[in-house]
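Chemist: I would like to see how this sequence folds:
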Amino acid sequence: MFSKEEQRLMTKIAYLYHKRGYKQSEIAKQLDLSQATVSRTLKRAEEEGIVRVSVTIPTGVYTELEEALCEKYDLKAAIVVHCDDQNDEAVFDHVGSAAAYYIETTLGSNEIGLSSWSSTLLAMVNAMHPLAKASHAKVVQMLGGMGNPSAEIYAARITEQFASLVQGDPVYLPAPGVARSQDAYADVMSDTFVREATAYFDKITLAIVGIGSVEPSKLLQSSGNVFSEEELEALQQTGAVGDVCLRFFDITGQPVNLPLDKRVVSIGLDQLKNVKRIVGVAGGKRKLNAIRGALNGQLINVLITDHQTAQALMN
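Modeler: Numbering: from 1, shown residues only. Now for the predicted structure:
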């Protein structure tokens, strides 16, 4: 129990600090106290209820939901954006814009970052602003993009544009996302440029990935980097719910290992889980189970998604 004199001093210090905007050093000088005493007194003022901190969350901002996601899925960070329209294009734009801001504000110097390719990540790079200061990052393509010409264009465009925006260096993976056979896969992996790109997979500090559902997106369908109907049916029968870089997993996040996995030219899930920061950028009802599986398996540790998907993930 504090005396009236102690309460009076606490209130005085709190008033000067919170209402008048004085620095702790200025309060200490004015009241002939040590700065340590001022700091301790401010803390006590909060404990006693003399100071009450009120945070007003604006409409369309989901701070509490973000924190709940972090706690439930052991995430480093979660970013939830408002998006009433759940068609794919609207989700791509909203989630991609949020991802762009996140990367602009958190990318460190000399990072080795990997980028997969998807419609959401294309929306991200289209929304990004050039960094004022060079990051000197290596931007490594971590999923093959050849197939139909559109796939090569998308994969190269995302890698090149992202590297340009962060003033880094692109490293391309000149290979199909899915080789036609295991023999073709062996030939691809023996290529000098492919080996140079995949050598970065164990060195990366930041991975930015889309999260796909088992049913391929329009972009993936048109790319030539898709599996046969029989292979997709086999995936569903084994419980696959989604993929990261065409590496499929079930609702618990465990890899679904089928022969087709041996034809995929991308980073492996075990390699991916060793990355310090793995940013999953995805949203929409179609991808709910895929995102849930990726979270359950800790295949990502940062999630950027829309508010309806985030709320469903908490159920």
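Chemist: Please enumerate the strands of this structure.
Modeler: 77-81, 112-115, 138-141, 169-171, 206-210, 212-213, 240-244, 247-250, 277-281, 302-306 (DSSP state E).
Chemist: could the ones you listed be laid out in JSON lines, adding distance to residue 265?
Modeler: (Glycine included, C-beta is placed from N, CA and C.) Conversion of these to JSON lines gives the following (distance: least, CB to CB, whole Å):
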{"stretch": "strand 77-81", "distance to residue 265": "30"}
{"stretch": "strand 112-115", "distance to residue 265": "13"}
{"stretch": "strand 138-141", "distance to residue 265": "10"}
{"stretch": "strand 169-171", "distance to residue 265": "14"}
{"stretch": "strand 206-210", "distance to residue 265": "15"}
{"stretch": "strand 212-213", "distance to residue 265": "16"}
{"stretch": "strand 240-244", "distance to residue 265": "14"}
{"stretch": "strand 247-250", "distance to residue 265": "11"}
{"stretch": "strand 277-281", "distance to residue 265": "19"}
{"stretch": "strand 302-306", "distance to residue 265": "25"}
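Chemist: hey, least reliable of the ones you listed by pLDDT?
Modeler: Lowest mean pLDDT within the strands of the chain: strand 112-115, a mean of 78.
Chemist: what packs against that strand?
Modeler: strand 138-141, helix 149-165, strand 206-210 (3 or more CB pairs under 8 Å, 6 or more residues apart in numbering; DSSP states H and E).
Chemist: What pairs with it, parallel or antiparallel?
Modeler: strand 138-141 (parallel), strand 206-210 (parallel) (DSSP bridges).
Chemist: if we can go back for a sec, tell me the most buried of the helices and strands packed on strand 112-115?
Modeler: strand 206-210 (a mean of 28; mean count of other CB atoms under 10 Å).
Chemist: Tally up the residues packed near residue 298, please.
Modeler: 13 (other CB atoms under 10 Å).
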